[in-house]
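Dropping a prediction and its sequence here:
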Amino acid sequence: MALPVENYLRVAKMPHIWCPGCGHGIVLQAIVRAIHELELDTEKTVIVSGIGCSARAPGYLHFDTLHTTHGRAIAFATGIKLAKPELNVIVITGDGDAAAIGGNHLIHAARRNLDLTVICFNNNIYGMTSGQYSPLTPQGSYATTSPYGMLEKPFDLCELVMGAGGTFAARSTTYHARQLTNIIKEAISHKGFAFVDALSQCPTYFGRRNKMRSALEMMNWFKDRAVPVKTWEKMSAEEREGKFPIGVLTKTQAPELTEVYNQLIEQLQQRGGE
Amino acid sequence: MTKKGPRLLQGNEAVVEGAIAAGLRFFAGYPITPSTEIAEQCAAKLPKVGGKFIQMEDEIASMAAICGASLAGVKSMTATSGPGFSLKQENLGFAVKGEIPCVVVNVQRVGPSTGMPTSPAQGDVMQARWGAHGDHEIVALCPSSVKEAFTLTVEAFNIAEEYRTPVILLLDEVVGHLREKVELPSKEELVVKDREKPTLPPGEYKPFAMDQGKIPGVPPLAAYGEGYRFHVTGLTHGEDGFPTNNPAIAEKQLKRLNEKISANRDDLVKVEKLHLDDAEVVVVAYGATARSARKAVNDARAQGIKAGMLRPITIWPFAENEMLEVKAKSPKAVIVAEMNLGQLVLPIKRVMGDSVPVIQVNKLAGQLIEPEEILSAIKEAI
């Protein structure tokens, strides 16, 4: 499908700030394609971000956009959605933004089942500050703050969201660009809190320190480890070692917060006055 | 909403009544003594008027959520006390920079840290002024009665809307928990202001323009979802809202951000003047402390002492001109009474210089300064 980019992108703000080989442009493209294919009203769609490389994406997107403080995008988005439930609210976040400083907001938004779509541009590293480890950096990987290899165990953000009661969690990678688009479409269409873990390569600050100097090497690294969720479910613990599932990991229905709240308002107002 | 006839109301309740009368339709908060009644009242009352309340996961998220709701076009407020106020500062700075109208209530208690949660203090006067990072102006109002908690909350919303800025409502535990018989103004008597909306079409509208608003330097604000498709960022930005590293544009925008408040001091600064015309001793006090100061000044007058009171209702911007008027009359002394070690006294001393002695009456440990303490300071000064 031909993409009328000027409907969706602020082309005058290009070129973007991302490094050569960065995967964020692929995730951005998947979001734009998903919005286009869903025919979302561009005047009723708000895109919110926090701080980091991912957070610069809304600046290039021709919608109502909000580039907030580090980790807090979901909390700002919560206010927007509750104030105007008719708006589509999409949060673009990164692994440091969502899993470290903003982890509390992520789990509570999932618990509330507020109708937000959160897309994590997960490059396993703090790119904007040039390569410190994040809570999603794989154990043993090198970063400027893990010069002897990452000692800590990383989060699985989809598991975290599911544990917090999230009704939609999915994962894909920049290697699986078409699947990523479809997953984002499904996430946006989902009524309730939807989380997408979008693995994106950072050859500049992650790959370079971890023997994957090119984008291609990093994308092959995604390809070699990604397993479709149906296959994943049949695999033993040993077979799963070093791999991760891609696809829609959970999709359930539960009452959505703004709907529940609007019902309450209606009931109280029918009862009349104070 | 507001009913005719006297009512027995608590200060915190009056804040909620005032906020709803001013158009509050979104509140995000987190429980903290002594402000919690504000959240509780909002939870009960907002859905009845079609508004929404949410108890967020923390103070930081509450401040973020009200910024989001305000950008979606809905009047928003949060409430807290000292420790929570500290947590809100980063996003308060964001609201300053993004020029997001909102109201932040701080019902002050004794600090630092957890301090004395149920006891009054006025220790956040400087935190209100300088708590957020970077050069910025701030507006902070300080009620000293339950009725004023109502009227100043309305005023806080009006200023926030008119000047596209966060406004701090600085209560203390005494005013927050005080119950008084009050007659609230009716809906018809209230002046409620709304933010200026853009008249230019999308494409021509600049959300951070120097000259697109009625008040110089205050740009109109579109709401998300109205077709303007505009960008708001905490990065230093140009008139179109997009980030810039151009020093000339940055300087111009940061100056506008500050001057839209500082150039309008005369409109923003409100004080109460009591017996100032012939006062030989002037007491400066605000919030609950001003209640004791009023009694002390009246008692002094009854004893033939020419005492007066200047009560800053607007704490920030500082009542510079009013202090200069006091100085011009060369009183024997200015007494500054505060439930802290002396915070507002600093700019007052700067104004008075060497020509007028400044005497401090301070209390730290969670007790209201009593009228007798101020009266004896007046007598010593005379």
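Structure received. Residues are numbered from 1 along each chain as shown, chains lettered A, B, ... in the order given.

Against residue B:374, how distant is the nearest residue to residue B:343 once chain neighbours are set aside?
Excluding the flanking residues, the one nearest residue B:343 by C-beta to C-beta, 6 or more residues apart in numbering or on different chains is residue B:125, at 4.0 Å. In short, each C-beta sits where N, CA and C put it, glycine included. Per C-beta to C-beta, to the nearest Å, residue B:125 is found 18 Å from residue B:374.

picking up where we left off before, counting neighbours, what do you get for the residue nearest to residue B:343?
Residues contacting residue B:125 under the criterion other C-beta atoms under 10 Å in any protein chain shown number 26.

Now do the contacts for the residue of the stretch 101-250 of chain A found nearest chain B.
When scored by C-beta to the nearest C-beta, the stretch 101-250 of chain A has residue A:108 as its residue closest to chain B, at 4.1 Å. Contacts for residue A:108 (C-beta atoms under 8 Å, 6 or more residues apart in numbering or on different chains) come out as A:164, B:56-57, B:61.

which element is it on?
Residue A:108 is located in helix A:103-112, with elements delineated by DSSP states H and E.

after that helix comes which helix or strand?
strand A:117-122.

near chain B at all, that following strand?
No. Strand A:117-122 is not in contact with chain B by C-beta under 8 Å from any C-beta of the partner chain; minimum separation 14.2 Å.

I would like the residues contacting that strand, please.
A:23-24, A:27, A:31, A:53-54, A:57, A:74, A:88-95, A:98-99, A:106, A:109, A:136, A:157, A:184, A:187-188, A:190, A:193-200.

same thing but 6 Å
A:24, A:27, A:54, A:90-95, A:98, A:136, A:187-188, A:194-200 (C-beta atoms under 6 Å, 6 or more residues apart in numbering or on different chains).

ditto for stretch B:283-296
Taking C-beta under 6 Å, 6+ apart as the rule, stretch B:283-296 contacts B:122, B:142, B:144, B:172, B:174-175, B:297, B:309-312, B:335-337, B:339, B:368-371, B:374-375.

Also stretch A:229-240?
A:245, A:247, A:249.

Is residue B:37 in a helix, a strand, or coil?
helix (DSSP: H, G, I helix; E, B strand; the rest coil).

burial of it, as a residue count?
So residue B:37, with other C-beta under 10 Å, has 19 neighbours.

residues touching the closest residue in space to residue B:166 that isn't next to it in sequence, list them.
Nearest-residue entry for residue B:166: residue B:95, 4.1 Å, with adjacent residues in sequence omitted and distances by C-beta to C-beta, 6+ apart. Going by C-beta under 6 Å, 6+ apart, residue B:95 touches B:67, B:102, B:166.

And residue B:232, by the same measure?
A:66, B:98.

circling back to that earlier point, how far does the helix holding residue A:108 sit from the chain's center?
14 Å (C-alpha atoms, centre = their mean, to the nearest Å).

Now do that helix against strand A:117-122: the angle between them, please.
140 degrees (axes from the mean of the first three to the mean of the last three C-alpha atoms, to 10 degrees).

burial count for residue B:191?
Residues near residue B:191, counting by other C-beta under 10 Å: 9.

Now do it, the pLDDT please.
In this model, residue B:191 is scored at 97, pLDDT.

Okay, and the closest residue to chain A within the stretch 1-150 of chain B sits in which element?
As assessed by C-beta to the nearest C-beta, chain A sits closest to residue B:68 within the stretch 1-150 of chain B, at 2.9 Å. Assigned by DSSP H and E, residue B:68 falls within helix B:59-71.

Give the rounded mean pLDDT of that helix.
98.

One more: stretch A:222-229?
98.

Between the two ends of it, how far is it?
End-to-end distance for stretch A:222-229, by C-alpha to C-alpha, to the nearest Å: 15 Å.

Distance of the nearest residue to residue B:156 once chain neighbours are set aside relative to residue B:97?
Excluding its sequence neighbours, the residue lying closest to residue B:156 (C-beta to C-beta, 6+ apart) is residue B:167, at 4.3 Å. Distance of residue B:167 to residue B:97, computed by C-beta to C-beta: 15 Å.

can you check residue A:267 too?
Taking C-beta to C-beta, one finds residue A:267 at 39 Å from residue B:97.

try residue B:146
For residue B:146, the distance to residue B:97 - C-beta to C-beta - is 34 Å.

No further queries at this time; thank you.
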